[in-house]
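Q: return atomic coordinates for the entry below.
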Amino acid sequence: MKIGDVVYFWMAVDLSIRGIYGWGTISRIPYQKSDRDIFGVDVIYRHKFKKPILAALAMWRPEVLKGSKSWDENYSDRLADNIYLSIIGYLDNLNPEEKAEAWLALSELLRSEESGSEEFDGFCKRISKRIERKSNLDSVRAKAVRGILKKDDAA
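A: Next up, the predicted model:
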């Protein structure tokens, strides 16, 4: 973790309210708290979403959360499209490098899901892949590695 990294505020409690509620940036390198053997990190709160992102699935397809329907590809594609559309306007205010990093952080968050359900984890990975395609992350990553990222490239 480094200063300026994008962080998402995630609530991982009951499925009815689970989701991403906003985002911010790391404002200070992680530090050890003096009273315990744990580390802290300070963040700058940048934006609260009007509606949580992933929790919206419960409103669109509650039968999926109840287990009465499978986590099929049609749901993951639609949810990925909705997530993309709900975030793109906010990220357009960032510079290209920050924008690419924000998309990458969201993609990695979704890919790292380990719920214990292969079907649900696969669902999250499909959402991540679609968001990566829509945000053009592969070309942005390649250009960033070569050091030629330009303002128009982080669409």
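Q: for the rest of this, base every contact and every neighbour count on C-alpha atoms.
A: Fine.
Q: quick check: bridge partners of Gly40?
A: Legend: beta-bridge partners of Gly40 under DSSP bridges are Tyr31.
Q: tell me the pLDDT at it?
A: Taken from the predicted model, the pLDDT recorded for Gly40 is 86.
Q: and it, what is it in contact with?
A: Neighbour list for Gly40: 30-33 [criterion: C-alpha atoms under 8 Å, 6 or more residues apart in numbering].
Q: and of those residues, the nearest to Asp121?
A: Within the contacts of Gly40, proximity to Asp121 (C-alpha to C-alpha) peaks at Pro30, which comes in at 29.1 Å.
Q: wait, what's in contact with the residue nearest to that closest one when sequence neighbours are not counted?
A: Across the structure, with C-alpha to C-alpha, 6 or more residues apart in numbering as the measure, the residue nearest Pro30 apart from its sequence neighbours is Val41 (4.6 Å). Listed by C-alpha under 8 Å, 6+ apart, the contact set of Val41 reads 26-31.
Q: buried ones among the contacts of Gly40?
A: Taking 16 or more other C-alpha atoms under 10 Å as the criterion, nothing in the contacts of Gly40 is buried.
Q: name the single longest helix found in this structure.
A: The helix of greatest length in the chain, counted in residues with DSSP state H as the criterion, is given as helix 73-91.
Q: all helices of this structure, in order?
A: Remark: helices of the chain, listed N- to C-terminal, are 56-60, 62-66, 73-91, 96-111, 118-134, 137-146; assignment by DSSP H.
Q: CSV for those, including mean neighbour count, mean pLDDT and distance to Tyr8?
A: Supplementary listing: those in CSV, determined by neighbours: other C-alpha atoms under 10 Å; pLDDT from 0 to 100; distance: least, C-alpha to C-alpha, whole Å:
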stretch, mean neighbour count, mean pLDDT, distance to Tyr8
helix 56-60, 16, 55, 16
helix 62-66, 14, 55, 22
helix 73-91, 16, 81, 12
helix 96-111, 19, 84, 8
helix 118-134, 19, 85, 15
helix 137-146, 15, 57, 18
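Q: could I get the ones you listed as TSV with distance to Gly19?
A: Compiled in TSV, the helices of the chain are given as follows (distance: least, C-alpha to C-alpha, whole Å):
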stretch	distance to Gly19
helix 56-60	8
helix 62-66	13
helix 73-91	11
helix 96-111	11
helix 118-134	12
helix 137-146	22
